[in-house]
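Peer 1: Have a look; sequence and predicted model below, questions after that.
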Amino acid sequence: MRVLFIVQGEGRGHLTQAVSLAQILKTAGHEVVGALVGVTENRDVPAFFRESFAASITPVFSPGLVYNAGTNELEPVKTVIQAVKHARPFWKSLKQVRKAIDTQRPDVVVNFYEMLGGLTYALLRPTVPMVCIAHQYFAFHPNFQRPRNKLFIELAFKLNTRLTCFGARELLTLSFDKQADYAPQRIRIVPPLLRCEVTQLTPTEGDFLLAYVTQAGLRTELEKAHRQQPDIQMHGFHGGVTGPDQVVDETLTYHAIDGKRFLEFMARCKAIVTTAGFESVCEAAYLGKPVLMIPQPNHFEQAGNAIDGQRAGVGIAADRFDLNLLLNYLPNHNPQVSERFRHWYAQGNYLFLNAIHRAATVKPTRSEGFFISRMRQLLRG
């Protein structure tokens with residue numbers, strides 16, 4: 001089969017998933033003909049994706065998320081306003097996606113949570129079947145545990161998520177563990193897609209805590225915790241480090257952001273402190289490392305990930321860097337969680353290949369149009 005990817009280019013998660021699925025498809029003898037990657041005026045296709053993805057890559061303009069520069073909080077209202085301001089170039093992007101589908105003539109389109117894909121299928125109606133892949137679709141599953149007191153942010157999140165999957169045959173929903181499929185929303189639960197670099201690591205039991213510092217306030221909280229318990233060895237990765245390593249004192253060292261080095265540290269640490277990004281939590285679960293998950297403020301997706309990750313036993317959710325909370329949790333962490341996670345992950349190749357083959361060969365049974373159906377679902381909430 002010939003497969004075309006459409007990928008959200010913000011962050012590493014969806015791009016990493018695309019690289020992983022491309023490897024699965026290539027091993028099975030299928031061809032990934034290219035990837036359309038959503039970019040903004042200030043964000044191009046990341047170098048790691050260009051280096052890891054073997055097929056052609058086409059950047060396509062797509063409005064991105066807006067974060068507060070001071071607090072790193074997601075700002076839903078400004079995100080919507082920005083999207084409206086860019087309506088005209090966004091329409092050109094939709095036509096560019098439709099043209100690429102017509103030119104490449106794939107058997108299946110796989111969309112990794114990019115709004116360009118959903119709106120192209122809603123408005124320009126390509127005939128090539130599309131499947132969508134993301135953990136965000138779990139928000140439409142009956143087992144999803146909603147974060148409290150986040151109604152407006154939830155509505156904005158769900159609207160954005162709906163816009164990514166108009167016209168999809170199936171929503172392949174990445175999950176920490178096996179769940180029942182949910183036919184009313186065409187949700188099929190599948191394992192995470194991890195970087196091969198993770199699965200090739202051999203984890204060891206370390207004596208230090210590892211922190212991935214992306215929030216502006218998280219570094220302050222880390223240093224506060226360090227002052228309270230200076231005998232605990234900690235390593236932190238963040239973007240403000242000018243050199244590879246910045247030694248603060250005997251038990252605290254900062255490192256520059258480096259994906260490969262971070263994974264090496266993860267394989268050797270005792271536990272991890274990070275935001276509740278799905279991929280990083282899954283990587284920790286695969287390596288058997290407990291996680292203190294601290295969602296970014298106003299980030300509904302990460303808030304949901306933290307709750308679901310705690311349910312699955314991969315770690316503990318928190319709203320701040322509470323070192324005592326993590327240390328008290330560690331003796332109670334179940335090491336069998338990692339074994340179950342690895343067993344679930346091992347089923348991924350079959351499930352992904354089966355889903356893509358099903359999309360290419362099985363005709364949809366519904367008589368109404370995809371656009372009408374999705375609009376009805378959106379109105380029902």
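Peer 2: Structure's in. What do you need? These numbers come from a predicted model, not from an experiment.

Peer 1: For the lengthiest helix in the chain, give me every contacting residue.
Peer 2: Looking across the chain with DSSP state H, the single longest helix is helix 87-104. Contacts to helix 87-104, defined as Cβ atoms under 8 Å, 6 or more residues apart in numbering, come from residues 2, 4, 6, 33-34, 36, 58, 60-63, 83, 109, 116-117, 119-120, 123-124, 126, 128. From N, CA and C alone the C-beta is placed, and that goes for glycine too.

Peer 1: Emit the PyMOL select command for whichever of those residues are buried.
Peer 2: In PyMOL syntax, the buried subset of these is picked out as below (16 or more other Cβ atoms under 10 Å):
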select buried, resi 2+4+6+33+34+36+60+61+62+63+83+109+116+117+119+120+124+126+128
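
Peer 1: So which of the contacts of helix 87-104 are in strands?
Peer 2: Among the contacts of helix 87-104, the ones falling in strands (DSSP state E) are 2, 4, 6, 33-34, 36, 58, 60-61, 109.

Peer 1: Just give me the closest of the residues you listed to Ser338.
Peer 2: Ranked by distance to Ser338 (Cβ to Cβ), the ones in strands among the contacts of helix 87-104 are led by Ile6 at 32.4 Å.

Peer 1: Look up the closest residue to that closest one, ignoring the ones flanking it.
Peer 2: In space, and not counting its chain neighbours, Ile6 is closest to Gly117: 4.1 Å by Cβ to Cβ, 6 or more residues apart in numbering.

Peer 1: now do Leu4
Peer 2: Nearest one to Leu4, counting by Cβ to Cβ, 6+ apart, is Pro106 at 3.9 Å.

Peer 1: now do Tyr254
Peer 2: Nearest non-adjacent residue to Tyr254 (Cβ to Cβ, 6+ apart): Gln246, at 4.2 Å.

Peer 1: again with Lys178
Peer 2: Of all residues beyond its chain neighbours, the one nearest Lys178 is Trp344 (5.6 Å), with distances taken as Cβ to Cβ, 6+ apart.

Peer 1: where are the low-confidence patches of the stretch 201-350 of the chain?
Peer 2: Scanning the stretch 201-350 of the chain for pLDDT under 70 picks out 214-217.

Peer 1: quick revisit: how about TSV for the ones in strands among the contacts of helix 87-104, with pLDDT and distance to Ile101 added?
Peer 2: Below are those laid out as TSV (pLDDT from 0 to 100; distance: Cβ to Cβ, whole Å):
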residue	pLDDT	distance to Ile101
Arg2	97	11
Leu4	98	7
Ile6	98	9
Val33	97	10
Gly34	97	10
Leu36	98	9
Thr58	97	12
Val60	96	12
Phe61	92	17
Val109	98	6
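
Peer 1: Which members of those residues define the maximum pairwise distance?
Peer 2: Going by Cβ to Cβ, the pair spanning these furthest: Arg2 and Phe61, at 25.0 Å.

Peer 1: can you list the domains in this structure?
Peer 2: Using automatic domain parsing, the domain parsing of the chain gives 2-191+347-380, 198-343.

Peer 1: show me the contacts for Ile57.
Peer 2: Taking Cβ under 8 Å, 6+ apart, we find Ile57 in contact with 34-35, 37, 45, 49-50.

Peer 1: can you check Asp177 too?
Peer 2: 312, 340-341, 344.

Peer 1: Isn't Lys270 up against Ala211?
Peer 2: No - judged on Cβ atoms under 8 Å, Lys270 makes no contact with Ala211 at a distance of 11.9 Å.

Peer 1: Report the separation between Gln286 and Pro106.
Peer 2: No, residue 286 isn't Gln; it's Tyr. Distance from Tyr286 to Pro106, counting by Cβ to Cβ, to the nearest Å: 30 Å.

Peer 1: what do you get for Glu283?
Peer 2: Glu283 sits 30 Å away from Pro106, taking Cβ to Cβ as the criterion.

Peer 1: These two - which one has more neighbours?
Peer 2: For Glu283 versus Pro106, neighbours defined as other Cβ atoms under 10 Å are more numerous around Glu283 (26 against 23).

Peer 1: Skipping adjacent residues, who's closest to that one in space?
Peer 2: Glu283 sits nearest to Val198 (Cβ to Cβ, 6+ apart), 5.0 Å away.

Peer 1: Give the helix, strand or coil label for the one you found.
Peer 2: Secondary structure, DSSP: H, G, I helix; E, B strand; the rest coil: Val198 is helix.

Peer 1: Pull the contacting residues for it.
Peer 2: By Cβ under 8 Å, 6+ apart, Val198 lies in contact with 263, 283, 286-287.

Peer 1: For the residues you listed, which single residue is the most surrounded?
Peer 2: When the contacts of Val198 are compared by neighbour count (other Cβ under 10 Å), Glu283 ends up highest, at 26 neighbours.

Peer 1: how about the CA coordinates for the helix or strand containing Thr173, as CSV?
Peer 2: If you go by DSSP states H and E, Thr173 is part of strand 168-174. Only the C-alpha atoms of strand 168-174 are listed here, as CSV (Å, rounded to 0.1, in the frame of the first residue of the first chain):
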residue,chain,number,x,y,z
ALA,A,168,-11.8,9.7,9.3
ARG,A,169,-12.7,6.0,8.9
GLU,A,170,-11.3,5.3,12.4
LEU,A,171,-9.7,7.1,15.2
LEU,A,172,-6.7,5.1,16.4
THR,A,173,-6.5,6.2,20.0
LEU,A,174,-3.2,5.8,21.7
